[in-house]
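Asker: Next come a sequence and a model predicted from it.
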Amino acid sequence: MTDGKPSWTRSRLTGLLGIEVPIVQGPFGGGLSSVALASAVSEGGGLGSYGGHILTPDAIGALVDELRRTTTRPFAVNLWVPHPDEAAVPPDRDRTAHYAGLLRPWFEELGLPADGLDDPPPAPDFAEQIDALLAAEPPVISFVMGIPDSRVLDEARRRGIRTVGTATTVEEALAIEAAGMDAVVASGSDAGGHRGSFLRPVNESLVGTFSLVPQVAQAVSIPVVAAGGIADGRGIAAALTLGADGVQIGTGFLATEESGASAVHRAALNGPDARTTVLTRAFSGRLARAIPNRFTRETLAHENELAPYPLQYTLTRPLRTAAAAHGLTDYVNLWSGQAAALTRPRSAHAYLDELITGTETALNHVTLGRP
C-alpha cells in the first residue's frame, strides 16, 4: 500500500484514464443507462459510463454537458460501430411489413396498436453520432461491435480523448491495438447484453472471460479490462491475477438503484430466475444474453426469420416499453450476465464500496495462502 491506496488500484488503467480504482461501469444501451449511475461511479473513483447508441447527435451533446454538471471526474460515453451488413440498404417496405407481421400476435395480445409497425423511424446515423461526440469531447469514448475508422481515432487523439475498444476474441483485441486505441475490454461470453463480436460470427467467438483475459493480456501491450461474469471482489481479484489491468462490470451495476433498468428488470436480476440466461435475437436482432422469458421462448422457433438489427430493436420497442410499464416480465428484454445471482438491491455507491473491500479481502487471501 502506498499513500494509503492499495497497490492493486495503481494500474496502467487508472493511470491512463485518471481514475482511482480500476473499475469501469459497463455502458448500457436502450435507455438502461442513467446519468445518476454514471456520475455515482465516477464520483466513487471508478469510470462511469453511458451507452449512447440510440441517441440523436443533439442528445449526445446534451448528455455530455449533463455528465459534466454531475461529476468533475472522468466518464465514458459508448457507441456501437455498425456492422457492414447493417450499414447496407435497409429492408424495403414489403420486407419490413413481413418482419412487422411476425410481431403482431404479441402486440394484439397486449392491446397495442400495430399501426406504424410497417414504417418505423430510422435509427440514428453513426457518422453523425460520432461527430457530435467528438465535438463534445468527453474524457473517454468506448466502442463495441467493431473499430471506428482511423479518422475518428485520429481526431479523438488530437482532442485528448481516450478510446477503448471491446474484443470477444484475441484476434479482435489485436485488431483494436493495431488500430491505435488506448485500451481494450476483453469481454467474455459470460457477459450480459449484446455480444460485441465483429471479426467472426458470434457462435465462433464465445470465449469465457477467464479463458479470454490471460490470452489477451499475453497478446497485446495496451491495458486490458476484463468483462463478463464479474460481480464481486472475488471476480475482480481473479481477473487481476490473470493479467487484467482492471475490470468492467455491467450486470452488477444494472441491478443498482440508480440504473435506468425498469423495476421489473432489477427485480429479475435480484431474483432466482437470473440463475439461467440465454442468447437471443428476439428483442434487437442481434444476439444478446438475457434472462429467458415467454417472448424469448415463443420466438425461438423462428428466430432466424426475425428482422436484423436495428430494425428488430425498433419494431419491438413499443412492446418492451408497455410491458415494463405494466410489470409484464414476459415481454421485457431482461439483459443479464451469468453472475447476476451475486447481485442484490443497493445503491451504486454502496456496491462500489463493497467491490473495493471485497477485492482487497480476496487478494489478501491469495497473498496469505488462505483457502
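Answerer: Arrived safely, thanks for sending. Keep in mind it's a predicted model, so treat the numbers as computed, not measured.

Asker: which residues in the stretch 251-371 of the chain form helices?
Answerer: Listed in chain order, the helices found in the stretch 251-371 of the chain under DSSP state H, counting those that start in this stretch are 251-254, 263-269, 294-299, 311-325, 348-368.

Asker: next one: the last one to chain centre, how far?
Answerer: For helix 348-368, the distance from its own C-alpha centre to the chain's C-alpha centre is 23 Å (Cα atoms, centre = their mean, to the nearest Å).

Asker: do the shortest one as well
Answerer: From the chain centre to the centre of helix 251-254 is a distance of 10 Å (Cα atoms, centre = their mean).

Asker: Can we start the residue count at 9 from this point?
Answerer: That works, and once the first residue is 9, the last one we named lands at helix 259-262.

Asker: which helices and strands sit right next to it?
Answerer: Contact partners of helix 259-262 among helices and strands, from 3 or more Cβ pairs under 8 Å, 6 or more residues apart in numbering; DSSP states H and E: helix 271-277, helix 356-376. Where you see a C-beta, it was placed from the backbone N, CA and C, and this is true even at glycine.

Asker: most neighbours per residue, which of those?
Answerer: For the helices and strands packed on helix 259-262, the stretch with the most neighbours on average is helix 271-277, a mean of 19; neighbours defined as mean count of other Cβ atoms under 10 Å.

Asker: What is that one packed up against?
Answerer: Under the contact rule (3+ Cβ pairs under 8 Å, 6+ apart), helix 271-277 is packed against helix 259-262, helix 319-333.

Asker: would you list the ones you listed in TSV and tack on mean neighbour count?
Answerer: Shown next, in TSV, are the helices and strands packed on helix 271-277 (neighbours: other Cβ atoms under 10 Å):
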stretch	mean neighbour count
helix 259-262	29
helix 319-333	20
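
Asker: closest one to Ala348 among those helices?
Answerer: Each of the helices and strands packed on helix 271-277 was checked against Ala348 via Cβ to Cβ, and the shortest separation belongs to helix 259-262, namely 5.0 Å.

Asker: Now do the closest one, average pLDDT.
Answerer: Helix 259-262 carries an average pLDDT of 98.

Asker: looking at the chain, which helix or strand is least sure?
Answerer: Every helix and strand of the chain was ranked by mean pLDDT, DSSP states H and E. The lowest is helix 101-117, at a mean of 89.

Asker: buried sites along whichever helix or strand comes after it?
Answerer: Read in the C-terminal direction, the helix or strand following helix 101-117 is helix 134-144, with elements assigned using DSSP states H and E. Applying a neighbour-count criterion of 16 or more other Cβ atoms under 10 Å, the buried positions in helix 134-144 are 134, 137-142, 144.
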